[in-house]
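Novice: Model the following, please.
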Amino acid sequence: MEDKIIELESKLAFQESTIQDLNQTVVSLQSEVVFINQRIQLLQDQIKQLQPSNVAHVSEEMPPPHY
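Specialist: Purely as a prediction, here's the structure:
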């Protein structure tokens, strides 16, 4: 009986360690996701500033020639 308790305690300690490691990994990945999202937003803003839209505003559109 004592051997089973020791085995269970060992398994529990291993699981707790694994959970802590996984939690740290999740926290680290979340930080990376936030950073990447910020970079994407920055790049999108820069692209919008560099390339004017080739599509005219509705008020500027000429009607097609068949009208």
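Novice: Pass me the low-pLDDT residue ranges in the protein, would you?
Specialist: 51-56, 58-59, 67 (pLDDT under 70).
Novice: Does residue 63 fall in a helix, a strand, or a coil region?
Specialist: Assigned with DSSP: H, G, I helix; E, B strand; the rest coil, residue 63 falls in the coil class.
Novice: What is the neighbour count of it?
Specialist: 6 (other C-beta atoms under 10 Å). In this view, the C-beta of every residue, glycine as well, is placed from N, C-alpha and C.
Novice: which residue ranges form the helices in the chain?
Specialist: 2-50 (DSSP state H).
Novice: And the residue nearest the centre of it, how close does it get to residue 1?
Specialist: Nearest to the centroid of the C-alpha atoms of the chain, with distances taken as C-alpha atoms, centre = their mean, sits residue 33, at 3.6 Å. Counting by C-beta to C-beta, to the nearest Å, the gap from residue 33 to residue 1 is 47 Å.
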